[in-house]
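Engineer: Curious how this folds, go ahead:
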Amino acid sequence: MDLSPIGREALEKREGCRLEAYRDSVGVWTIACGVTTASGLIKVTPGLRITEAQADDLNARAFLKYAGYVKAAIGDKPIAQHQFDAFVSIVFNIGPGAFQGSTFLRKFMAGDPKGCADAILLWKKPAEIIPRRQAEADQFLTPYAKALPKARRTDRTPIAAPAVAKPAATPAPDPLAPMTGKFLPSAPISPPKVSTQPAPTGGLSSAPSPAPLGFWARLHAALSRKAA
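Structural biologist: Predicted coordinates for the structure are as follows:
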């Protein structure tokens, strides 16, 4: 299991995405969607700037890495997608060490989801993190089929459902593809047109001349005329 598109959307809304290094609420230099030097993916220094494409790549690698921390911590314990996504959001914020030693993880492993959600709310420092933590607890308890998560509980609406790209139409293979490596667009093949106009009577005919008769055919024709 990995972070779902819904989980990623919620996490990005919670973190925000900035292309220039900034200090977070506790003074740690941060860039992209909450990525810090502690991620091991980049060294964030004052004045650092990245492009949007670099931010997308950095976020994807960071989310994958932190999802790995969750998988390592829960092992073979069954977990729903909304619960997994909530855990990735939390570990991304508090760090893998704090996550592994947390009460809420122990509650989850003991089969107590309500106790787990209550323990998530204990992570409430600094105070501005509380609405996010409440939303993560709600996300943990609520299947996506019932409701999409909010970035913060105080938000009026949940996150928007991520758009799902439609697969591109598959082109029809070119019969010569093994040689040309090209593909042709699908299109109906029309039969060749046959002219219904008679051949011209004067001048040279455009129709091909009949092939000359062979020896045995000429002999047979001569004997037939003699017999007549």
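Engineer: ends of stretch 126-133, how far apart?
Structural biologist: 11 Å (C-alpha to C-alpha, to the nearest Å).
Engineer: ranges for the helices of this structure?
Structural biologist: Counting by DSSP state H, one finds helices in the chain at the ranges 5-15, 52-74, 81-94, 96-100, 103-109, 113-120, 130-141, 177-180, 215-227.
Engineer: quick one: which of those is nearest A161?
Structural biologist: helix 5-15 (7.1 Å; C-beta to C-beta). Every C-beta, even on glycine, is put in place using the N, C-alpha and C of the backbone.
Engineer: Which residues does the closest one contact?
Structural biologist: Defining contact as C-beta atoms under 8 Å, 6 or more residues apart in numbering, one finds that helix 5-15 is touched by 3, 33-34, 59, 63, 81-82, 84-86, 88-89, 92-93, 132, 135, 139, 144, 148-152, 159-162, 164.
Engineer: how about 6 Å then?
Structural biologist: 33-34, 85, 89, 132, 144, 149, 151, 159, 162 (C-beta atoms under 6 Å, 6 or more residues apart in numbering).
Engineer: From the chain's centroid, how far away is it?
Structural biologist: Distance of helix 5-15 from its chain centroid, counting by C-alpha atoms, centre = their mean, to the nearest Å, is 15 Å.
Engineer: Next: stretch 26-34.
Structural biologist: 26 Å.
Engineer: Dump the longest strand seen in the chain to CSV, keeping only the CA atoms.
Structural biologist: Looking across the chain with DSSP state E, the single longest strand is strand 18-23. C-alpha atoms of strand 18-23 as CSV (Å, rounded to 0.1, in the frame of the first residue of the first chain):
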residue,chain,number,x,y,z
ARG,A,18,6.5,26.8,-1.7
LEU,A,19,9.3,27.1,-4.2
GLU,A,20,11.6,29.2,-2.0
ALA,A,21,13.0,28.0,1.3
TYR,A,22,11.2,29.3,4.4
ARG,A,23,11.1,28.6,8.2
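Engineer: Sort out which residues of that strand are buried, please.
Structural biologist: Using 16 or more other C-beta atoms under 10 Å as the test for burial, strand 18-23 gives A21.
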